[in-house]
Each structure stands twice: as structure tokens, then as C-alpha cells.
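> Need coordinates for the below:
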Amino acid sequence: MAAAKAPLESRIAQALQGGAGSETLSGLIVEAQAQAEDLALTRDALRDTALNPATAPDAVRRARDALDDATFQAERLSVAVSRLREAQAEAQAREEDALRAQEYALALEERDAIAEELRTAYPDAARRIADILSRVVASNERLAAVNRARPDGAAHIETVEHHVRRVTDAGSVETSPGVVSVSQTPALVKAVRLPALAGIDAARGESFWRGGETAALRIGVARSA
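Prediction:
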């Protein structure tokens, strides 16, 4: 069996002592306003009774006493509602700040995790890609020489990127065999930039790969490891 709810006055006093959430305070405000409306009706009825000339003197005294009490209770509720609204605003501010703090902590945790992953994975990944690109450059140079002196009847050998990406040496995209679009797509060896991981090294111009350079000019940055 559910426990009986404490009187509204007691619950308001407890909530205003601190620690109540904005939802609890909002509910108390609704209850207090509803009770204030009931008291207003009660006061009107008591006033009518006390002012009615036909009311017996003893009943008038009782009505006046009850009217004074209802007026006091209404004023007290009015003050309570005001205080509850202030407390609700403060509670809501605390709750919003707590949510911001939670999001801040999660964002920081995520940043640190990604930073560690970047710190540990990027140097090896960059070196591996730079090594592949340097071999693409070397292969392109070799194929250029081979294609110029290819045996009679031998087909032109496509470059690595043309073979894989369907991008011609001129940067056009081959949408289907023999059909070249007007779109221009830069070659990876020219477009890719793999700067050093450490900011100071990158500022000095050090990198794992700078697009457009030949394999001989590529710089592997050991300090970024």
C-alpha cells in the first residue's frame, strides 16, 4: 500500500531547504496554485457569510476567524509560489550545468581517445601510404619509358592510378572504357599531403609526403612516431 503523501506545506518546506529537482519544484508550484485558487473561493464564501446581515452573530465570528485564516494561508501560499519559482530556476540552472559538464567530460574523453589513436596510428599509416605513393611515382616513370619503346603490337600499359581509379595521366575520369569525361581529378601522388604529426615539425615543412614531389624528395619524419 502506497504511503500517504505529506501535507503540501510540509513538502514545500522540505523542497525549499535545498536539493529538490526542477521537476519536483514544478509539481509543487502547480499544487500550490491550485490550493490558492481553492482558498480564493473559500474566502469569497466566508466574506459573503460574514457580511450577510442575516447571519447570526456567532456564525459571523466564526466566518471572520476562518476568513482571517484563509487570507493568511493564501498570502503564505503566494510567497511559497514565489520562492518555489526561484528555487526551480536555480535547480534548472544546476541541472543544465550538470548536463553541460557531462557533455564536456564525454567530449574530452572522446578527444583524448582519438588523439591517442592518431598519435599511435598516424605515423605508421602515413609512412605506409607514402611508401606506396613513392612506388607509384617510380612505376609511372618506368612505364613512361617502357611505353615509349614497347614491343611491336604490345598494348599501352596503364599507370597504377589509371588502372585502379580510372583516372588518366591528364587527370580526366574514364567513365567507361574509352569514354573520358571532362571532369578533372588530381592524381593521388600530386594531391595527397601527409604532414608531420608534430605541429612544430609540420611548421618547419617536414612531412611524410608532399603532393607533387618525386619519391626522391619525400621526407619520412621519425620524430612524429
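> Quick one: the strands in this structure, in order.
Assigned by DSSP state E, the strands in the chain fall at 172-176, 179-184, 193-195, 207-210.
> lowest-confidence stretch among those strands?
When the strands of the chain are ranked by mean pLDDT, strand 179-184 comes last with a mean of 56.
> Give me the distance between stretch 12-30 and the centre of its chain.
30 Å (C-alpha atoms, centre = their mean, to the nearest Å).
> Okay, buried residues for it please.
Within stretch 12-30, the residues that count as buried by 16 or more other C-beta atoms under 10 Å are 12, 15, 20, 22, 24-29. Any C-beta I mention is one placed from the backbone N, CA and C, and that applies to glycine too.
> For residue 60, state which of those is nearest.
Distance to residue 60, by C-beta to C-beta, is smallest for residue 12 among these, at 32.4 Å.
> now that closest one: how far from residue 202?
62 Å (C-beta to C-beta, to the nearest Å).
> quick one, domains of this structure?
Split into domains by automatic domain parsing, the chain comes to 8-107, 192-225.
> lowest-confidence stretch among those domains?
Across the domains of the chain, domain 192-225 gives the lowest mean pLDDT, at a mean of 65.
> May I have the residues that are in contact with residue 85?
Neighbouring residues of residue 85 by C-beta atoms under 8 Å, 6 or more residues apart in numbering: residue 29.
> and if you look at the one 3 residues further on?
When the contact criterion is C-beta under 8 Å, 6+ apart, the partners of residue 88 are 22, 25-26, 29.
> run the last query once more with 6 Å
Listed by C-beta atoms under 6 Å, 6 or more residues apart in numbering, the contact partners of residue 88 are 22, 25-26.
> Sitting in helices, which of those residues do you find?
22, 25-26 (DSSP state H).
> Which one of the residues you listed is nearest to residue 77?
Closest to residue 77, out of all of the ones in helices among the contacts of residue 88 and judged by C-beta to C-beta, is residue 25, at 14.6 Å.
> what about the helices in the protein?
With DSSP H as the criterion, the chain has helices spanning 8-16, 22-51, 57-148, 160-165, 188-191, 199-203.
> nearest to residue 209, of the ones you listed?
helix 57-148 (4.1 Å).
> burial measure for the closest residue to residue 160 other than its chain neighbours, as a count.
Among residues not flanking residue 160 along the chain, residue 136 sits closest, at 4.8 Å (C-beta to C-beta, 6 or more residues apart in numbering). Burial of residue 136 is recorded as 18 neighbouring residues (other C-beta atoms under 10 Å).
> Pretty sure residue 136 sits against residue 162.
No: using C-beta atoms under 6 Å, residue 136 is not in contact with residue 162; the gap is 10.9 Å.
> Let me have the contacts of residue 88 in JSON lines, adding distance to residue 190 as columns.
Shown next, in JSON lines, are the contacts of residue 88 (distance: C-beta to C-beta, whole Å):
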{"residue": "22", "distance to residue 190": "58"}
{"residue": "25", "distance to residue 190": "64"}
{"residue": "26", "distance to residue 190": "62"}
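> thinking again about what came up before, return the distance of the residue nearest to residue 160 relative to residue 39.
Counting by C-beta to C-beta - residue 136 and residue 39 are separated by 86 Å.
> Next: residue 150.
Residue 150 is 103 Å from residue 39, by C-beta to C-beta.
> Have a look at those two and say which one is more surrounded.
It is residue 39, of residue 150 and residue 39, that has more neighbours when counted by other C-beta under 10 Å, with 20 against 13.
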